[in-house]
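K.L.:
sharing a sequence plus its predicted fold:
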Amino acid sequence: MRIILVLVSLTLIGCSPVWEDPPYEVYYIDGAKTLGYSIGEGSYIGRIDEPVNINANTKYISVYACPYKTCSFYYIDKTKAHKFAEHDEFVFGPYTNEQFTTLVKKLGLPSVGSE
């Protein structure tokens with residue numbers, strides 16, 4: 001009986017999101033990791049591919065991501081985001097470390113590291 005409980009627990013843990021700040025979650029499809037907007041029932045609208053580090057506050061989500069093996073900084077303006085919005089209305093980037101540091105100070109973005 002213990003083995004069954006352990007296996008069920010591991011399965012549930014393996015299916016849970018790595019990071020989440022509803023409605024945003026990191027999810028996996030075919031081994032690819034994506035930060036996306038959850039529209040319910042396990043469906044997502046992808047926003048940023050291959051996130052490495054994520055931090056959020058009430059207005060913004062800061063992301064260090066490496067889509068296509070090129071690492072950069074991005075941010076999402078949560079006040080403008082909704083499931084019907086166009087991606088370029090509220091997802092900004094890519095930025096270099098220097099550019100992003102300036103934006104952190106200027107806009108009050110949450111800090112996020114590059115590793």
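P.N.:
Thanks, I have the structure now.
K.L.:
find the nearest non-adjacent residue to Val18, please.
P.N.:
Val26 (4.4 Å; CB to CB, 6 or more residues apart in numbering). (Each C-beta comes from the backbone N, C-alpha and C, glycine too.)
K.L.:
buried sites along the host helix or strand of the one you found?
P.N.:
Taking DSSP states H and E as the definition, Val26 sits inside strand 24-29. Within strand 24-29, the residues that count as buried by 16 or more other CB atoms under 10 Å are 24-27.
K.L.:
and what of stretch 50-62?
P.N.:
Buried positions in stretch 50-62, judged by neighbour count with 16+ other CB under 10 Å: 50-51, 54-56, 60-62.
K.L.:
same thing with stretch 35-50?
P.N.:
Counting neighbours by 16+ other CB under 10 Å, stretch 35-50 gives 35-38, 44-45, 47-48, 50 as buried.
K.L.:
report the backbone C-alpha coordinates of the helix or strand hosting Lys105 in PDB.
P.N.:
For Lys105, the host element (DSSP H and E) is helix 97-107. C-alpha atoms of helix 97-107 as PDB (Å, rounded to 0.1, in the frame of the first residue of the first chain):
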ATOM      1  CA  ASN A  97      21.500  42.600 -18.700                       C
ATOM      2  CA  GLU A  98      22.400  46.300 -18.800                       C
ATOM      3  CA  GLN A  99      19.100  47.300 -20.500                       C
ATOM      4  CA  PHE A 100      17.100  45.100 -18.100                       C
ATOM      5  CA  THR A 101      18.800  46.500 -15.000                       C
ATOM      6  CA  THR A 102      17.800  50.000 -16.200                       C
ATOM      7  CA  LEU A 103      14.200  48.800 -16.700                       C
ATOM      8  CA  VAL A 104      14.200  47.300 -13.200                       C
ATOM      9  CA  LYS A 105      15.000  50.700 -11.700                       C
ATOM     10  CA  LYS A 106      12.700  52.700 -14.000                       C
ATOM     11  CA  LEU A 107       9.600  50.500 -14.000                       C
END
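K.L.:
against which helices or strands is that helix packed?
P.N.:
Helices and strands touching helix 97-107, as assessed by 3 or more CB pairs under 8 Å, 6 or more residues apart in numbering; DSSP states H and E, comprise strand 60-65, strand 72-77.
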